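K.L.:
What follows is a predicted protein model with its sequence.
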Amino acid sequence: MLRIAVQSKGRLFDETLNLLTEADIKISASKRTLLIQASNFPLEVLYLRDDDIPQSVEGGVADIGIVGENEVAERGADVEIISRLGFSKCRLSLAVPKEAEYTDLKWFNKRRIATSYPNILRNFLTQNGLQADIHVITGSVEISPGIGLSDAIFDIVSSGSTLISNNLREVEVVMKSEAVLVGNRKMDAEKHRILNEMLFRFKAVSSAQDKKYVMMNAPKDKLKEITAVLPGIKSPTVIPLADENWCSIHTVLEEQRFWEIIGKLKELGAQGILVSPIEKMIL
């Protein structure tokens, strides 16, 4: 049995449970307790505060955990980063009041900075030869300059809307973060076997994200030109049709380039283009 620590609430909780669901690992969310076992996979889910997850994995209370990379860095836990998961992306940044005459990092020297991440901030200041008065706050860091508690803040930034609403502007990105799967360094062979099966499922889910399965009919005399514009995984599948002058082409397209490529296909004579979502993709 493998035990995974996940955040007990919030956006990272939702995205983690979505990932497990997409990997066909069934967890009962309606009867959530501190520790619950999956019904169809040798996995126990341990619900914790996000800042407790790195130490729990390091100490072996959990074998693996899904947590923000920023929390791993802040806690300094001796864990292995097994995989970056591509969701809950954010950055840790320094921000100052909009009216501040900011020029460069030297502006922060001898200033008061409010943050919930003192260790990351302290290391950054030391690396840049700066000294500042760090105020540790666990609540709404962004209000600190407005009430006179600090001159600047160091906090998580996603869209930046919270900074704007508090009359602040982002001036320095210190660290980029996303959800990571971390592991205890002393897991036994059986737990590694279960972990590898779970990673295989996770990869199948992530490989299918932002991709579409596309089928179309095309004139054979345009086949070479059409296949040249298709950035398939390897090469498109070409199937003959009853009309010997036509064929059916199947391929996978990335969603971000979908409309650009579809336009080119239509210009080359492709017809009956069908598009389907992809749930899983084994590479």
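P.N.:
Received, thanks.

K.L.:
what's the longest helix seen in the chain packed up against?
P.N.:
Counting residues, the longest helix found in the chain (DSSP state H) is helix 189-208. Counting contacts by 3 or more Cβ pairs under 8 Å, 6 or more residues apart in numbering; DSSP states H and E, helix 189-208 is packed against strand 2-7, helix 11-22, strand 80-84, strand 179-183. Quick note: C-beta positions are derived from backbone N, CA and C, even for glycine.

K.L.:
Least confident of those, on average?
P.N.:
When those are compared by mean pLDDT, helix 11-22 comes last with a mean of 91.

K.L.:
which secondary structure elements does that helix contact?
P.N.:
Contacts defined by 3+ Cβ pairs under 8 Å, 6+ apart place helix 11-22 against strand 2-7, strand 64-68, strand 179-183, helix 189-208.

K.L.:
Listing request: residues of this protein with sub-threshold pLDDT.
P.N.:
Along the chain, segments meeting pLDDT under 70 span 29-32, 232-234.

K.L.:
can you pull out the helices in the stretch 1-150 of the chain?
P.N.:
In the stretch 1-150 of the chain, the helices defined using DSSP state H, counting those that start in this stretch lie at 11-22, 53-58, 69-75, 118-127.

K.L.:
center of the chain, which residue is that?
P.N.:
residue 87 (1.9 Å; Cα atoms, centre = their mean).

K.L.:
Tell me who's in contact with the nearest residue to that residue once chain neighbours are set aside.
P.N.:
Excluding its sequence neighbours, the residue lying closest to residue 87 (Cβ to Cβ, 6 or more residues apart in numbering) is residue 15, at 4.7 Å. By Cβ atoms under 8 Å, 6 or more residues apart in numbering, the residues touching residue 15 are 87, 88, 179.

K.L.:
Format those as TSV; extra columns: distance to residue 78.
P.N.:
Shown next, in TSV, are those (distance: Cβ to Cβ, whole Å):
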residue	distance to residue 78
87	25
88	22
179	19
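
K.L.:
How much space separates residue 65 from residue 167?
P.N.:
36 Å (Cβ to Cβ, to the nearest Å).

K.L.:
So between these two, which is more surrounded?
P.N.:
residue 65 (32 against 12; other Cβ atoms under 10 Å).

K.L.:
State the helix or strand in which residue 214 lies.
P.N.:
strand 211-219 (DSSP states H and E).

K.L.:
Now do that strand: distance to the chain's middle.
P.N.:
On the basis of Cα atoms, centre = their mean, to the nearest Å, strand 211-219 sits 29 Å off its chain's mean C-alpha point.

K.L.:
Please identify the pairing partners of it and their relative orientation?
P.N.:
Neighbouring strands of strand 211-219 in its sheet, by DSSP bridges, are strand 246-254 (antiparallel), strand 271-277 (antiparallel).

K.L.:
Nearest spatial neighbour of residue 85, chain-adjacent residues omitted?
P.N.:
residue 179 (4.4 Å).

K.L.:
Just list whatever residues bridge to that neighbour.
P.N.:
Counting by DSSP bridges, residue 179 forms beta bridges with residue 68.

K.L.:
roughly how far apart are residue 178 and residue 280?
P.N.:
Counting by Cβ to Cβ, the gap from residue 178 to residue 280 is 22 Å.

K.L.:
next one: residue 258
P.N.:
19 Å.

K.L.:
one step back: now do the contacts for the residue nearest to the centre of the chain.
P.N.:
15, 19, 178, 179 are the contacts of residue 87 under Cβ under 8 Å, 6+ apart.

K.L.:
The strands paired with strand 211-219 into TSV, with extra columns for distance to residue 162 and mean neighbour count?
P.N.:
Output for those, formatted as TSV (distance: least, Cβ to Cβ, whole Å; neighbours: other Cβ atoms under 10 Å):
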stretch	distance to residue 162	mean neighbour count
strand 246-254	31	18
strand 271-277	33	11
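
K.L.:
Rebuild those strands as TSV, extending it with distance to residue 42.
P.N.:
Below are the strands paired with strand 211-219 laid out as TSV (distance: least, Cβ to Cβ, whole Å):
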stretch	distance to residue 42
strand 246-254	32
strand 271-277	29
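
K.L.:
what's the closest of the ones you listed to residue 28?
P.N.:
Smallest distance to residue 28 across the strands paired with strand 211-219 (Cβ to Cβ): 26.4 Å, for strand 271-277.

K.L.:
what's near enough to touch the nearest residue to residue 44 once chain neighbours are set aside?
P.N.:
Nearest non-adjacent residue to residue 44, counting by Cβ to Cβ, 6+ apart: residue 3, 4.4 Å away. For residue 3, the contact set (Cβ under 8 Å, 6+ apart) comprises 43, 44, 45, 46, 61, 62, 63, 64.
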